[in-house]
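Enquirer: everything below, folded, please.
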Amino acid sequence: MSHLIIQDLHKSFGDLRALQGVDMVVEKGEFFALLGPSAAGKTTTLRTICGIEKADQGRILFDGDDITGAQVRGRDMAMVFQTFALYPHLSIFDNLAYPLRQAGMSKQEVGQRVGEVAEMLRLSHTLERKPGTASGGEQQRVAIGRALVRRPSLLLLDEPLTNLDAKLRFDTRAEFKRLHRELGMTIVYATPDELEALSMGQRIALLSDGRVVQTGTPDELYTQPQDTYVAGMVSSMQINAFIWQHGGSIWDEANQPKAQAIGVVNSDASVKGFQHHLDLLKLSPPVTTRMLPPIIVIIPIFLMFRLTGLSGSYIGVILLYAAFNLPFSIWMIKSFFDELSADVEDAARLDGSSERGVFFRICLPQLKAGLAATAVFALILTWNEFLFALLLTGSDTRTVPVAMARTIGGELGVDWGLLAAIITLFLIPVFAVTYLLQNHLLRGVTFGTIKK
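Expert: Numbering: from 1, shown residues only. Sure thing, here's the model as predicted:
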């Protein structure tokens, strides 16, 4: 029985059709390579296999079970991301131990497993360090170790050598082959580099525009490409290919060139990939930010404070400050959350974390400095704008916002102040909470990059 079977897999992001009927079969213990230029669909294929992305259509069979709609944590897979996706606030030991702790293993078993993987990957001397102090090669081995430590049935590698220099890429290719030989693990390896695919893959699936163009062994793709695109992708040089007929293979059943040559074309697969990037730019809508004119919010707030009689009190001053500065503080905190790597959040989910666990164990600890900075900034503003004037002058009218509140309230009256109070106290908070829940807590993962 085949280990992994993908049938007619489709995935779209808005108008962009990332996968258009991908079919693929991976045998148990096989080193299977996905080869293609940028935007061919390699990463989306891997992310859909492991459940990070949900397929729009098609089936994914793993050891005979249909896992198309299964949760990420229940798929017995691990993935090494192109960005490595290490947890920066944890030591290398804790990075390696994280999936084991999520699985509920004992402290002794965790230490034993981490020690074995660290020794195999030559990381024993780095375990107490943070990932940020490690070299690129060490970080890459930590990412591999975190994937291997829980002994998954399937290992997905998403261009793991892209961020390494040439010498390190050469050494790491040999390391991957050694690990595959020693562990006998099923590996699906995505790469845009034909040398990596030809030298490492036992079989290769060549992708273009979200479709599998040809699947075969390195020799089959190199000696029997079915079209000029395949020939150009598996060759490191520019080639001039004779096109013998439109469509289909350029060889007959006896592997002899078909007659009636009709022309010569220059084949360069990278041109196709570049054109696809241009298409993506055309499809991407401009990002716009819309904000309500401040006066729409300010006037109801001022009127509410006048109506309730809080405009001349200490409580009113504090609440007025909060009304003005809380939106800015929320925006500031959100900007810190948006800086978190989406790959790190996805890696935590693959390592067995729940959505709540990702937020409290991975996201929040990385934001301590940002949250503290926001609190200090808010305290300084409060002191300068309100508390300083109140404590030293004894008059709240010396502060600009309070004076504005009294002026506007006096000019416009309070006929619709009750309506302004309802809008301020009910509709605005409800809108803010709903927005945060929909776009951060309930979609994708926590406050990180918004998943669409």
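Enquirer: show me what the helix or strand where residue 365 lies is in contact with.
Expert: Per DSSP states H and E: residue 365 is located in helix 364-366. Helix 364-366 is contacted by residues 88, 89, 340 when judged by Cβ atoms under 8 Å, 6 or more residues apart in numbering. Every C-beta, even on glycine, is put in place using the N, C-alpha and C of the backbone.
Enquirer: quick one: buried residues of it?
Expert: By neighbour count on 16 or more other Cβ atoms under 10 Å, the buried set for helix 364-366 is 364, 366.
Enquirer: beyond that helix, next helix or strand please.
Expert: In the C-terminal direction, the helix or strand that comes right after helix 364-366 (DSSP H and E) is helix 368-382.
Enquirer: against residue 95, how distant is residue 139?
Expert: Look at residue 139 and residue 95: by Cβ to Cβ, to the nearest Å, they are 10 Å apart.
Enquirer: again, but for residue 141
Expert: Taken as Cβ to Cβ, the span from residue 141 to residue 95 is 11 Å.
Enquirer: same check, this time on residue 136
Expert: Shown here: residue 136 relative to residue 95, a distance of 15 Å by Cβ to Cβ.
Enquirer: neighbour count for the two, which is higher?
Expert: residue 95 (27 against 12; other Cβ atoms under 10 Å).
Enquirer: what does the strand or helix carrying that one rub up against?
Expert: Secondary-structure element containing residue 95, defined by DSSP H and E: helix 92-102. If you take Cβ under 8 Å, 6+ apart as the criterion, helix 92-102 is touched by 78, 86-87, 90, 109-111, 113-114, 117-118, 123, 126-131, 134, 138, 142, 145-146, 149-150, 348, 351-353, 357.
Enquirer: select from those every entry located in strands.
Expert: residue 78 (DSSP state E).
Enquirer: give me the buried subset of the contacts of helix 92-102.
Expert: Restricting the contacts of helix 92-102 to buried positions leaves 78, 86-87, 90, 110, 113-114, 117-118, 123, 126-127, 130-131, 134, 138, 142, 145-146, 149-150, 348, 351-353, 357, with burial counted as 16+ other Cβ under 10 Å.
Enquirer: show me where pLDDT drops low in the chain?
Expert: For the chain, the stretches flagged by pLDDT under 70 are 1-2, 236-302, 305, 311-325, 327-328, 380-452.
Enquirer: where exactly do the strands run in it?
Expert: Along the chain, the segments classed as strands by DSSP E run 4-13, 16-26, 31-35, 57-62, 65-66, 77-80, 154-158, 186-191, 203-208, 211-216, 239-243, 263-267.
Enquirer: could I get the ones you listed as a markdown table with distance to residue 226?
Expert: Compiled in a markdown table, the strands of the chain are given as follows (distance: least, Cβ to Cβ, whole Å):
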| stretch | distance to residue 226 |
| --- | --- |
| strand 4-13 | 20 |
| strand 16-26 | 15 |
| strand 31-35 | 14 |
| strand 57-62 | 23 |
| strand 65-66 | 30 |
| strand 77-80 | 30 |
| strand 154-158 | 26 |
| strand 186-191 | 20 |
| strand 203-208 | 9 |
| strand 211-216 | 5 |
| strand 239-243 | 12 |
| strand 263-267 | 13 |
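Enquirer: nearest to residue 224, of those strands?
Expert: strand 211-216 (7.5 Å; Cβ to Cβ).
Enquirer: so residue 206 makes contact with residue 36?
Expert: Yes - counting by Cβ atoms under 8 Å, residue 206 sits close enough to residue 36 to count as a contact (6.3 Å).
Enquirer: what touches both of residue 139 and residue 95?
Expert: When contacts are counted by Cβ under 8 Å, 6+ apart, the set common to residue 139 and residue 95 consists of 86, 131.
Enquirer: residue 192 - nearest residue in space that isn't next to it in sequence?
Expert: The shortest distance from residue 192 to any non-neighbouring residue, by Cβ to Cβ, 6 or more residues apart in numbering, is to residue 37 (5.7 Å).
Enquirer: with residue 235 instead?
Expert: Taking Cβ to Cβ, 6+ apart as the measure, residue 235 lies nearest to residue 194, with 7.2 Å between them; neighbours along the chain are not counted.
Enquirer: over to residue 59?
Expert: Setting aside the residues directly before and after it, residue 59 is nearest to residue 7 in space (Cβ to Cβ, 6+ apart), at 4.5 Å.
Enquirer: what does residue 105 give?
Expert: With Cβ to Cβ, 6+ apart as the criterion, residue 105 has its nearest non-adjacent residue at 7.4 Å, and that residue is residue 113.
Enquirer: which residues touch that neighbour?
Expert: Taking Cβ under 8 Å, 6+ apart as the contact definition, residue 113 lies against 97, 100, 105, 149, 150.
Enquirer: distance to residue 307 for those - can I get that in TSV?
Expert: Converted to TSV, these look like this (distance: Cβ to Cβ, whole Å):
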residue	distance to residue 307
97	58
100	59
105	60
149	62
150	60
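Enquirer: in stretch 23-31, what's buried?
Expert: Of the residues in stretch 23-31, those buried under the neighbour-count criterion (16+ other Cβ under 10 Å) are 24, 25, 26, 30, 31.
Enquirer: residue 155 and residue 34, how far apart?
Expert: Spatial separation of residue 155 from residue 34 under the definition Cβ to Cβ is 13 Å.
Enquirer: mind listing the shared neighbours of those two?
Expert: Here residue 155 and residue 34 have residue 188 as joint contacts, going by Cβ under 8 Å, 6+ apart.
Enquirer: what about these two, which has more around it?
Expert: Comparing residue 155 with residue 34 by other Cβ under 10 Å, the one with more neighbours is residue 34, at 28 against 23.
Enquirer: appreciated, that's everything.
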